[in-house]
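Asker: Have a look at this prediction, sequence included:
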Amino acid sequence: MELVVDTNRIIAALIKDGLSRKIIISGKFPLYTVEFGEKEVRKYKPLIKKKTGINEQQFNFFMKHLMPKIAVLSEKDISKKSIKKALKIMGKIDLDDVPFIALSIELGNKTIWSDDKHFKQQNKIKVLTTKELKKQF
């Protein structure tokens, strides 16, 4: 099973040595995200460092080991058709989630891995929470 990874799972993997980190590092599932997701992680770097008590070097170490496990695709690689569909599906729910829906559509309706409840408010793209994904891990 291939998964589109929402930012919250990457951040969770950086913050805690838990299931999200284990899933990403395992390489069991091909993982994808959008550039927007990686930029969002970097945006929250100060908060991540504060919550975990790690320094810049440690943050960079974790990023160096996690991000290569996730294929990061540019929003430019997503067709306008997929973006339009994603806007119809997610636009009225949460605009920040549109790029992840669009990537899923572009890749052939891949499952999204997220603990963000907004994704469950739509029924066009399959979404698994970490708890649900654990059963297949």
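Answerer: In hand now; what should we look at?
Asker: how close does Gln122 get to Leu128?
Answerer: 14 Å (C-beta to C-beta, to the nearest Å). Yep, even glycine has a C-beta here, placed from its N, CA and C like the rest.
Asker: same check, this time on Gln136
Answerer: Going from Gln136 to Leu128 by C-beta to C-beta gives 8 Å.
Asker: quick one, which of the two is more surrounded?
Answerer: Legend: neighbour count by other C-beta atoms under 10 Å for Gln136 and Leu128, higher for Leu128 (18 against 11).
Asker: Pairing partners for that one in the sheet, please.
Answerer: On the basis of DSSP bridges, Leu128 is bridged to Trp113.
Asker: In this structure it contacts Thr111, no?
Answerer: Yes. With contact defined as C-beta atoms under 8 Å, Leu128 reaches Thr111; the gap is 5.7 Å.
Asker: tell me which helix or strand of this protein sits lowest on mean pLDDT?
Answerer: Sorting the helices and strands of the chain by mean pLDDT, DSSP states H and E puts helix 35-43 at the bottom, at a mean of 88.
Asker: buried residues in that helix?
Answerer: Within helix 35-43, the residues that qualify as buried are Phe36, Gly37, Glu38, Glu40, Val41, counting by 16 or more other C-beta atoms under 10 Å.
Asker: From these, pick the one nearest His65.
Answerer: Val41 (13.5 Å; C-beta to C-beta).
Asker: any idea how far Gly37 is from the closest residue to the closest one other than its chain neighbours?
Answerer: In space, Val41 comes closest to Ile10 once its chain neighbours are excluded; the distance is 5.2 Å by C-beta to C-beta, 6 or more residues apart in numbering. Noted for Ile10: a distance of 7 Å to Gly37, by C-beta to C-beta.
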